[in-house]
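[1] coords please:
(chains A, B and C)
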Amino acid sequence: MKISTIILPLVIFLALFFYAPFIILGYQSFQGLGGEFTLDNYLALVRDPTYLHVILYSIVIAVETTVITLLLAYPASYYVARIASGQEKIILLALLLTPFWIDVLLRSIAIKTIIYTIGLREGYTAMMIGMVYEYLPIMFLPIYASMSRISRSAIDAARVFGANTWDLIRRVIVPMTLPGIVAGSLLVLLMSMTEFVIPSLLGGTQGFTIGSLIYYLFLSGGLWGVGAALTMIVTVMLMVFAFIIAKRTGDITAW
Amino acid sequence: MKLLKYYTYALIAMLYIPIIVMILYSFDNSKYFGEWNGFTLRWYEQLLHDTQAWSALKNSMVVAVLSAVISTAIAIPAALMARDREKDIVSLMIYPPVIIPEITEAVALMLLLIYLGFPLGLVSVLIGHTAFNIAYAYIALSPVGGTGARLAVAARTLGADRFTAFLKVTIPVSMPGIIAALGLTFMMSFTDFIKTLFTKGPGFDTLPILVWNRARRPGLTPYTSQPAIAALATTLILISIAIALAYTLYEVRRSEKQGEL
Amino acid sequence: MKGVEVYVEGITKKYGSTTALDGVTLRIPPSEITTLLGPSGCGKTTLLKIIAGLEPPTKGRVYFDGRDVTNLAPEKRNIGFVFQDLALFPHLNVFENVAFGLRVRRVPEAEVKKRVYWALDLVGLDPSEFARRRIHELSGGQQQRVAIARALVIEPAVLLLDEPFAHLDYKIKQRLLLQLKRIQRETGATVVYVTHDQNEAMAVSHKIAVMNNGKILQVGSPEEVYEKPNSSFVASFFGEANVLPGEGGFIVIRPERVLINPDRADTVYDAYIEDVVFQGPLLHIEARVNGKIIKIIKPRNGMVVKPGDKVRIGWLQKDVRVVPE
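    Modelled structure (predicted):
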């Protein structure tokens, strides 16, 4: 296919500095210590209980973060999308969006001050507080968007036909916000699984996750082969996951 | 319903309490978080004479400005002039940089640079930031892309050649989108930590890297005492919020103007 | 099914400083179709929502069969409502949309199925074909029917319809209007129908309430309102009318009552024919009298006039109605 000169700079730059690196990464992941082709790097991740433990541990943290932020964000998104109006809604939205502009690093330090103030120290609880704090706005936005899309008359209809508040939530609001729930959960799950800063700064001895492992393997341990294999697995897994969910949510939103 | 309102307010307050507490601690005449020894400005005074911080700020600014300009310049022709089929290719290419976790693309780029024997420092960090910023610039530009292209066609029916139409019509019409793209990419780069960490090499520190280094080893020197870190972080947050506010105000004014039209 | 009598008394509804309804009192007879007719913004939809309990009135009461329901929640009023945008649930299929009101009433499964099928049959949708369909797979007219079936399945005390056919094309609209009349006859429900379209109102109503600016101007059968409008607004909004200044206010004369070259008339003017438009079996004629346009409608057979003709027009005093404003 002929690619015109107009998009050429973009295509070349991304090919060179985004896609080529992943080819190198893939190549590296099959390199043995002596430069020979090997599968050992991948096998090491499964065989070595330390690696496996870190991977499973990261998944547990990500799932917990997803569930907690979903439960916390859902009622608030209903309030902001459907009850708040005018000035109040704009201010609430602005307040929910502003944290996006403050880097996770700075917010982790802010969480640290709170942790110390309430007498806690770095550890699992501190890390989970930091994770929830970081990912709450990310969970909020897609749910808020789908909540806003429910038409006023759909809710009126449910009421008129006899739905009490519980029926309304269970039979109308939750099913109709399902695309937002799926999108928000997916985003948070994928992003939190490789979170590096929060576990490192707040997790203390409990803060060794996939992100930390990648950092360690490359920058401290020098185990590039295993590091590359781990990074490849994470990347491929997340791409496949994202693809499947994008297709599923596509189906759901095809109303 | 009242309950829901209080809940929402409380939840949003929780997003800000840590930041407010941190700002308070940056005025704390103590060495650790969690104890209050009276008000002081000394952590900020110390910051004024902190040569490492100043040099990191300079590095951050240079990388952020250059990366914003380069990524926007690369994204402009693709976002504003490309035909539909070309846009399909571009959309396909910018999707992964947005969804792939930053740490994996940072590691991959680092590997490539090392394989090529490329020296790690300002330029490598700049390349790393630009690689993800192109996607964001393209996304920020796409809303104005359609209008610019349609008006450029109109200009060409009036006799302008392709280049003139682009320069005299597409660019001015797309200015709001271009400014949005510059603002967004500047912020992404200025606050970026992970990509910088893997591509910077020794000796080249940006502000987030400095914060990280000091936060990792707290309490060893006056610069790494906890309130000193809080003061540095507070300064960075204020810069971020100032830029974000300017950007938001600009966007609001712009949408209000469009509303009037 | 026996419909209830709805009585709204002194209903006022204010949004901030604007008044949507201004002291409306109306008796809606049981087991008939009553139409609220008026231009957009006249308050007809607001009145419907107040009857349904979806909006609280600022002042006034709502009674169902003499029982005060003003403060009753909408879900407790046993209402069928067909929304302007239909408000079908996109996440549910046709069957579950119709079943919604039964499910939240905890009706047993076998009964649900029986009644959903009954409602779908009633609106002319074959259950075996449509029950499992998704909403977005249906045509506009089919979606309308699902919305009506959903409202009927709960055997509502009152069926409220808010411009349900506004977005449909003419033929489908006619068919659905006839179907609505039949359904009302068969079920005996009290129906309140909101529309801005006088043709729909004429086709469907037992009784029409003409509204403007938050007030009810006139209530009566379609014939009454047409023959005896009580204001120039009602005369012009419900059917075509010539409204001319006269003694004690205005005189109203319907276009089909204007005579051309009459042998006998109480009032006669000299006129020029300005325009003649064929509308199927009818001719729509515009005649100019002293600089004023008079609309005339005549059957086509035998009538030979063309633009520029000089004629005499006139009418009988019994066909003229005098209104104060």
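
[2] mind checking how far B:R83 is from C:R77?
    57 Å (CB to CB, to the nearest Å). From N, CA and C alone the C-beta is placed, and that goes for glycine too.

[3] looking at the two, which one has more neighbours?
    Per other CB atoms under 10 Å in any protein chain shown, whichever of B:R83 and C:R77 has more neighbours is C:R77, with 22 against 11.

[4] give me phi/psi at the more buried one?
    Per-residue torsions, C:R77: phi -90, psi -10 (degrees, to the nearest 10).

[5] now for it: which residues touch it?
    A:160, C:52-53, C:64, C:69, C:157-158 (CB atoms under 8 Å, 6 or more residues apart in numbering or on different chains).

[6] same thing but at 6 Å, please
    Contacts for C:R77 (CB atoms under 6 Å, 6 or more residues apart in numbering or on different chains) come out as C:53, C:69.

[7] from A:G227, how far out is the nearest residue to A:L45 once chain neighbours are set aside?
    Nearest non-adjacent residue to A:L45, counting by CB to CB, 6 or more residues apart in numbering or on different chains: A:Y51, 4.7 Å away. Applying CB to CB, the value for A:Y51 to A:G227 is 11 Å.

[8] so between these two, which is more surrounded?
    Using other CB under 10 Å as the criterion, A:Y51 and A:G227 rank with A:G227 on top: 24 against 18.

[9] give me the number of residues near residue 145?
    Just going to use chain A. By other CB under 10 Å, the burial measure for A:A145, its neighbour count, is 16.

[10] that's the wrong chain, I meant chain C
    23.

[11] need the per-residue pLDDT for it.
    With respect to pLDDT, C:R145 scores 91.

[12] doesn't C:D126 make contact with it?
    No - contact criterion CB atoms under 6 Å: C:R145 and C:D126 do not qualify, at 11.0 Å.

[13] now do the contacts for the residue positioned nearest the centre of chain C.
    Closest residue to the average C-alpha location of chain C: C:A201 at 3.4 Å, with CA atoms, centre = their mean. C:A201 is in contact with C:35, C:37, C:195, C:208, counting by CB under 6 Å, 6+ apart.

[14] try 8 Å
    Taking CB under 8 Å, 6+ apart as the test, what C:A201 contacts is C:35, C:37, C:193, C:195, C:208, C:222, C:238.

[15] and those residues, which are buried?
    By neighbour count, with 16 or more other CB atoms under 10 Å in any protein chain shown, those hold C:35, C:37, C:193, C:195, C:208, C:222, C:238 as buried.

[16] got any residues that touch both of A:Y51 and A:G227?
    A:L213.

[17] what is the burial count for the nearest residue to B:L197 once chain neighbours are set aside?
    Counting by CB to CB, 6+ apart, the nearest residue to B:L197 once its immediate chain neighbours are dropped is B:I209, at 6.4 Å. Using other CB under 10 Å, the number of residues around B:I209 comes to 20.

[18] would you check that B:I209 makes contact with B:F198?
    No - the criterion here is CB atoms under 8 Å, and B:I209 misses it with B:F198 at 10.8 Å.

[19] in what helix or strand does C:F250 lie?
    strand C:249-253 (DSSP states H and E).

[20] partner strands of that strand and their direction?
    If you go by DSSP bridges, strand C:249-253 pairs up with strand C:242-246 (antiparallel), strand C:321-323 (antiparallel).

[21] contacts for the first one, please.
    By CB under 8 Å, 6+ apart, the residues outside strand C:242-246 that reach it are C:232, C:235-236, C:250-255, C:258, C:292, C:294-295, C:322.

[22] and these, which two are furthest apart?
    Maximum pairwise distance in these, criterion CB to CB, is 18.6 Å, between C:K295 and C:V322.

[23] these two: which has the busier surroundings?
    Shown here are C:K295 and C:V322; by other CB under 10 Å, C:K295 has more neighbours (16 against 11).

[24] residues in contact with that one?
    So C:K295 contacts C:240, C:242, C:255, C:258, C:284-286 (CB under 8 Å, 6+ apart).

[25] which element follows the longest strand along chain C toward the C-terminus?
    Using DSSP state E, we find that the single longest strand of chain C is strand C:267-279. Beyond strand C:267-279 on the C-terminal side, the first helix or strand identified by DSSP H and E is strand C:282-289.

[26] picking that back up, closest one of the buried ones among the contacts of C:A201 to B:L120?
    For those, the nearest to B:L120 is C:T195 (73.2 Å; CB to CB).

[27] now the helices for the stretch 1-150 of chain C?
    Secondary structure of the stretch 1-150 of chain C (DSSP state H, counting those that start in this stretch): helices located at C:44-52, C:94-103, C:109-122, C:127-130, C:140-152.

[28] please disregard the earlier target; I meant chain B.
    Assigned by DSSP state H, the helices in chain B fall at B:2-25, B:42-48, B:51-81, B:84-99, B:102-116, B:122-157, B:162-165, B:171-173, B:175-190, B:194-199, B:207-216, B:226-260.
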